[in-house]
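Q: 3D model of this:
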Amino acid sequence: MKVTIDGIPVEVEEGTTILNAARQIGGDIVPPAMCYYSKLEGSGGKCRTCLVKVSKGSDKDPRPMPKLIASCRTTVMDGMEVQNITSPEVI
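A: A predicted model of the protein is given here:
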């Protein structure tokens, strides 16, 4: 599956979250995240620290875009376009 994050394309396996896809790219593109902090384990997505903007979903996704979503809980869809550091709504 191919996803583009802040203009950088990356190939990931099906089931990969946007957060983990961003970690494959590395650097400033990786959203901050608290859900891997042991004291918040199991809170996944509730803190909203890892919000990103999905500017384009896929043909299989009927939700209207753009949309702010938690990158730790949202899996990549083929052709998805995500903005993190390039989106004023996220920053």
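Q: Please make it C-alpha for all contacts and neighbour counts, starting now.
A: OK.
Q: The chain: helices as residue ranges?
A: Ranges of helices within the chain are 18-25, based on DSSP state H.
Q: Give the residue spans of it that score low on pLDDT.
A: Applying pLDDT under 70 to the chain flags the ranges 36-45, 91.
Q: Could you pick out the longest strand of it?
A: strand 51-56 (DSSP state E).
Q: now the angle from that strand to helix 18-25?
A: Calculated by axes from the mean of the first three to the mean of the last three C-alpha atoms, to 10 degrees, strand 51-56 forms an angle of 90 degrees with helix 18-25.
Q: ok, strand 51-56: who's next to it in the sheet?
A: Sheet pairing for strand 51-56, assigned by DSSP bridges, gives strand 67-70 (antiparallel), strand 80-83 (antiparallel).
Q: Could you pull up the contacting residues of Asp28?
A: Counting by C-alpha atoms under 8 Å, 6 or more residues apart in numbering, Asp28 makes contact with Ile85.
Q: how about a cut-off of 10 Å?
A: 22, 84-85 (C-alpha atoms under 10 Å, 6 or more residues apart in numbering).
Q: ok, now Gln83?
A: Applying C-alpha under 10 Å, 6+ apart, the residues contacting Gln83 are 4-7, 29, 51-56, 66, 68, 89-90.
Q: ranking the strands paired with strand 51-56 by burial, who's on top?
A: strand 80-83 (a mean of 24; mean count of other C-alpha atoms under 10 Å).
Q: neighbours around Thr49, how many?
A: Using other C-alpha atoms under 10 Å, Thr49 has 16 neighbouring residues.
Q: thought it was touching Ser71?
A: Yes - using C-alpha atoms under 10 Å, Thr49 is in contact with Ser71, at 9.0 Å.
Q: got any residues that touch both of these two?
A: 31-33.
Q: Just put those in CSV and tack on neighbour count and distance to Met80.
A: As requested, these are exported to CSV (neighbours: other C-alpha atoms under 10 Å; distance: C-alpha to C-alpha, whole Å):
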residue, neighbour count, distance to Met80
Pro31, 22, 17
Pro32, 14, 20
Ala33, 18, 21
